[in-house]
Structures are given as C-alpha cells and as structure tokens.
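Undergrad: Here is my input, please return the structure:
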Amino acid sequence: METATTALTFRDATDADVDELVALIESAYRGDDSRAGWTTEADILEGQRTDPEGVLEVIKSPDSRLMAVEREGRIVACCQLEHQGDHAYFGMFAVSPLLQGAGLGKVIIAEAERQARATWGVREMQMTVISVRDDLIAWYERRGYRRTGRMTPFPYGDERFGVPQHDDLQFELLVKEFAQL
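TA: Residues are numbered from 1 along each chain as shown. Purely as a prediction, here's the structure:
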C-alpha cells in the first residue's frame with residue numbers, strides 16, 4: 001500500500017526549482033487551493049506567502065539550505081534550514097495540500113532535524129509561527145517543540161509577507177532542544 005511517505009527523495013533545491021517551490025508554498029498557505037489542507041492561512045492573510053526572489057535568496061544563502069522533497073519526480077514538500085550558531089532555524093515549510101494529514105510532515109521535520117544535527121552539530125531547532133495558529137502550534141508541540149512566549153511583530157505594511165486580515169498578528173518563537181549524544 002502506497003502512502004504519502006512512499007519513495008521520498010530529499011535534496012537541496014536549485015535555481016531551476018524556484019517556480020515550482022513558489023507554487024507549492026503558495027498552495028499550502030494562501031488562496032482557495034490551500035483550503036484542501038489544514039495548514040491554510042487564507043483566513044488570516046491574503047496576498048502572497050513568498051515570491052521567486054525570496055525562495056532564490058534562501059537557495060543561494062551560504063548558511064541556508066532549501067530542502068526539496070520529491071515523490072515520483074514532483075516536489076511535494078519543502079523546508080528551509082538555516083545555520084545560526086548553536087541552533088538551526090526551520091522555516092518555509094510547505095506540504096502539498098492534497099497530501100496533508102497523511103504523515104508526510106512528520107517525516108520531513110524529522111529528516112530536517114537529523115540533517116541539521118549531522119551537518120552543523122546544532123543543539124536545537126528554532127522556528128517562528130504566527131501566534132494565532134493554535135492548531136499548527138499544537139502540531140509542533142506534538143513533535144517536541146515548546147512555546148517560549150517570545151514574540152516578534154508581524155511585518156504589517158510589507159506585502160511580501162501577505163495582507164493581514166487581523167490586527168493582532170505576531171510571531172512566536174518555538175524551540176526544540178536535542179538530546180546530547
């Protein structure tokens with residue numbers, strides 16, 4: 001029986017992947033297509049989630065990797081890993097809406113954590129999540145992340161990050177400490 005996690009290939013994204021990655025990220029978070037999955041932000045943000053320049057910047061950054069996850073030659077998910085000293089930052093996480101809820105996200109975040117530890121020897125993974133995303137935060141908590149209560153403001157007025165539909169948006173830092181070997 002084939003599952004969403006069958007025959008996955010993890011690789012670093014390249015310049016040639018930019019358009020496909022932007023389409024994937026947009027479909028996972030914005031617009032009506034995103035409503036097929038559970039990670040949609042369509043009710044709290046309109047407009048774009050990312051753009052080709054932002055994706056290319058992550059691909060080109062020397063301290064960052066954009067991991068593309070393929071199945072049957074098609075990119076079905078992605079995530080950013082950025083080395084920041086003793087920790088790694090996890091971001092730009094997207095899973096195709098039609099594959100959400102089947103366990104693919106768990107496999108990807110576990111592989112991202114494994115790669116960050118193996119490549120950089122980091123002691124923890126950090127991420128920021130929009131604080132009103134209770135269901136998403138709960139999902140990360142089930143993966144071992146903890147809320148820190150440390151907030152940073154949402155970039156209101158910068159439409160590169162979307163057009164807010166609420167006036168109370170902010171990012172909360174989530175942290176997962178790795179057991180020391």
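
Undergrad: Assign Asp43 to helix, strand or coil.
TA: Counting by DSSP: H, G, I helix; E, B strand; the rest coil, the backbone at Asp43 sits in coil.

Undergrad: Just to check, it is in contact with Gly162?
TA: No - taking CB atoms under 8 Å as the definition, Asp43 is not a contact partner of Gly162, at 11.8 Å. (Glycine included, C-beta is placed from N, CA and C.)

Undergrad: When those two are compared, which one has more neighbours?
TA: A direct count of neighbours by other CB atoms under 10 Å for Asp43 and Gly162 places Gly162 higher, at 21 against 11.

Undergrad: show me where pLDDT drops low in the chain?
TA: By pLDDT under 70, the weakly predicted segments of the chain are 1-5, 30-42, 45-48, 164, 180-181.

Undergrad: max-length helix in it?
TA: Secondary structure of the chain per DSSP state H: the longest helix is helix 104-120.

Undergrad: buried set for that one?
TA: 104-105, 107-109, 112-113, 115-117, 120 (16 or more other CB atoms under 10 Å).

Undergrad: And for stretch 131-150?
TA: 131, 133, 136-137, 139-140, 145.

Undergrad: Next, the angle from the strand ranked longest in the chain to helix 104-120.
TA: As assigned by DSSP state E, the longest strand anywhere in the chain is strand 74-84. In terms of direction (axes from the mean of the first three to the mean of the last three CA atoms, to 10 degrees), strand 74-84 departs from helix 104-120 by 40 degrees.

Undergrad: how far is strand 74-84 from where the chain is centred?
TA: 7 Å (CA atoms, centre = their mean, to the nearest Å).

Undergrad: Next: stretch 57-72.
TA: Relative to the centre of its chain, stretch 57-72 is centred 11 Å away, using CA atoms, centre = their mean.
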